[in-house]
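Q: got a predicted structure plus its sequence, pasted below:
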Amino acid sequence: MSILAELNTLLSPILPVETGVFSAKPPDEYLVLTPMTDEFSLFGDNTPLFDLSEVRISLFSKGNYLQRKNQITLALLDADFTITDRRYIGYESDTGYHHYAIDVAKSYELEE
């Protein structure tokens, strides 16, 4: 399984989710997943054993985003994701959305 597939499965019951950019007319709250890094984090006999993937989850909300932020955070922690950063990006006056980012990482064992 990949980090994007796992995040889509986990988060789509909470809010609409898309990768890269929201392609349809966005609702009042939605999530955008942006892949950030993929790296081999552990080696054995010069062979990578794990793939560490990181994704930024951008929460866009026209209302109070705090309750939704907490709901997403708890879901991520319950699913064994590592949260590497959480921050308020800002209010986008041209769209009316608050933008909050949650960066996550997860290691996946490489399959032979």
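A: The structure has been received and is ready for your questions.
Q: beyond the helix or strand hosting Leu76, next helix or strand please.
A: Taking DSSP states H and E as the definition, Leu76 sits inside helix 66-78. Using DSSP H and E, the next helix or strand after helix 66-78 towards the C-terminus is strand 82-92.
Q: what is the burial count for Thr73?
A: 16 (other CB atoms under 10 Å). All C-beta spots, glycine's among them, are computed from the backbone N, C-alpha and C.
Q: run through the residues that contact it.
A: By CB atoms under 8 Å, 6 or more residues apart in numbering, the contact list for Thr73 reads Ile83, Arg86, Ile102.
Q: host element of the closest residue to the last one other than its chain neighbours?
A: When the adjacent residues along the chain are set aside, Ile102 lies closest to Ile57, with 4.5 Å between them (CB to CB, 6 or more residues apart in numbering). Per DSSP H and E: Ile57 is located in strand 47-61.
Q: direction included, what does that strand pair against?
A: Strand pairing for strand 47-61, using DSSP bridges, gives strand 29-44 (antiparallel), strand 97-109 (antiparallel).
Q: thought the residue nearest to Ile102 was touching Pro35?
A: No - in terms of CB atoms under 8 Å, Ile57 does not count as a neighbour of Pro35; the distance is 11.0 Å.
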